[in-house]
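*Asks:* after the sequence you'll find the predicted model.
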Amino acid sequence: MSTSASTQRLRNQIALVTGGSSGIGAGVSLALAAEGATVVVNYSHSPEGAEEVVTSIEKAGGKAVAIKCDVSQEADVQSMFAQIREEFGTLHILVNNSGIQEDAPFLDMTLEQWEKVIAVNLTGQFLCAREAAREFIRRGPQPEVSAATGKIICMSSVHEVIPWAGHVNYATSKGGIMLLMKSVAQELAPHKIRVNSIGPGAIKTPINKEAWDTPEAAEKLLTLIPYGRIGEPSDIGKAAVWLASDESDYVTGVTLFADGGMTLYPGFASNG
């Protein structure tokens, strides 16, 4: 979508999307840009992917830049935020999207696999949210730009509430994000900073390609989705736009599940 065709709900706002070079992060970056935000597309390992997203945004008439940063490293995060302030003056929206999987059965899971996932998925969200909140408070309100002083959107998962055998580190990180988000929302609400999460279900992204890439895999996956389709990154992008806009100004401390009903426990639809 070109920016001229949109409602420009995020015009004059600067947004940072961590892990914005592919999958859900790319979908969110494109959606925010289509609504007028200038988007900082963060990446850690894929400059080519980040530049593709930036190019797509620019071709549609939007503004974007790519910045490399390992969100699990405090110095990297602080450097990225300093770069954003230097180039754009401030930040209005953080989408805490970076996430990885290192899957293994619980009995075989190594400490390295555990720590790597927690470092990126949970500590990374803490570090970026903290720096964003510091910047929002430093800048203060800009009511002509946004009703809220700042907006933080944490990318969680249906697995903040649904256990996931074989993925203990990932599910733990998402459960942690739930209470990180709620606790930060509670603390920052008096500053008019809104903090919410999106809980995607099954989305067609590279991280879970094997779960939907063949007809057999897709058919199996659809048994978990009452709404009858697998999600697209654009579905999450639309949710992020709403949570970042003034339309959701009275919403803070909640997880918006975008999952086609996966959290409705479809196995019980026929009386268990």
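*Replies:* Received, thanks.

*Asks:* what's the longest strand in the chain?
*Replies:* In the chain, with assignment by DSSP state E, the single longest strand is strand 193-200.

*Asks:* which SSE is immediately downstream of it?
*Replies:* Following strand 193-200 in sequence order, the next helix or strand is helix 215-222 (DSSP states H and E).

*Asks:* can you pull the buried residues of that following helix?
*Replies:* 221-222 (16 or more other C-beta atoms under 10 Å). C-beta here means a position set from N, CA and C on the backbone, and glycine is covered the same way.

*Asks:* avg pLDDT for that helix?
*Replies:* Helix 215-222 carries an average pLDDT of 89.

*Asks:* roughly how far out does that helix sit from the chain middle?
*Replies:* Here helix 215-222 is found 25 Å from its chain centre; the criterion is C-alpha atoms, centre = their mean, to the nearest Å.

*Asks:* only alpha carbons, please: show that helix as CSV.
*Replies:* In CSV, the C-alpha atoms belonging to helix 215-222 read as follows (Å, rounded to 0.1, in the frame of the first residue of the first chain):
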residue,chain,number,x,y,z
PRO,A,215,-0.1,-29.2,1.8
GLU,A,216,0.3,-32.0,4.3
ALA,A,217,1.9,-29.7,6.9
ALA,A,218,-0.6,-27.0,6.3
GLU,A,219,-3.6,-29.4,6.7
LYS,A,220,-2.2,-30.6,10.0
LEU,A,221,-1.6,-27.0,11.2
LEU,A,222,-5.1,-26.0,10.3
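
*Asks:* where in the stretch 1-150 of the chain is pLDDT low?
*Replies:* 1-6 (pLDDT under 70).

*Asks:* so which residues of it form helices?
*Replies:* Ranges of helices within the stretch 1-150 of the chain are 23-34, 47-59, 74-88, 111-118, 124-139, based on DSSP state H, counting those that start in this stretch.

*Asks:* thinking again about what came up before, what angle sits between the longest strand of the chain and helix 124-139?
*Replies:* 150 degrees (axes from the mean of the first three to the mean of the last three C-alpha atoms, to 10 degrees).

*Asks:* compute the inter-axis angle for strand 193-200 and helix 23-34.
*Replies:* 130 degrees.

*Asks:* doesn't residue 252 belong to a strand?
*Replies:* No - counting by DSSP: H, G, I helix; E, B strand; the rest coil, residue 252 is not part of a strand but coil.

*Asks:* what residues are up against the nearest residue to residue 178 once chain neighbours are set aside?
*Replies:* Spatial nearest neighbour of residue 178, excluding adjacent residues (C-beta to C-beta, 6 or more residues apart in numbering): residue 160 at 4.3 Å. By C-beta atoms under 8 Å, 6 or more residues apart in numbering, the residues touching residue 160 are 171, 174-175, 177-178, 197, 199, 255.

*Asks:* the same query, at a cut-off of 6 Å, please.
*Replies:* 174-175, 178 (C-beta atoms under 6 Å, 6 or more residues apart in numbering).

*Asks:* same thing with residue 235?
*Replies:* Residue 235 sits in contact with residue 258, where contact means C-beta under 6 Å, 6+ apart.

*Asks:* helix or strand next in line after the helix or strand containing it, which one?
*Replies:* Per DSSP H and E, residue 235 falls inside helix 233-244. For helix 233-244, the following helix or strand on the C-terminal side (DSSP H and E) is strand 255-258.

*Asks:* paired strands for that following strand, with orientation please.
*Replies:* Sheet pairing for strand 255-258, assigned by DSSP bridges, gives strand 193-200 (parallel).
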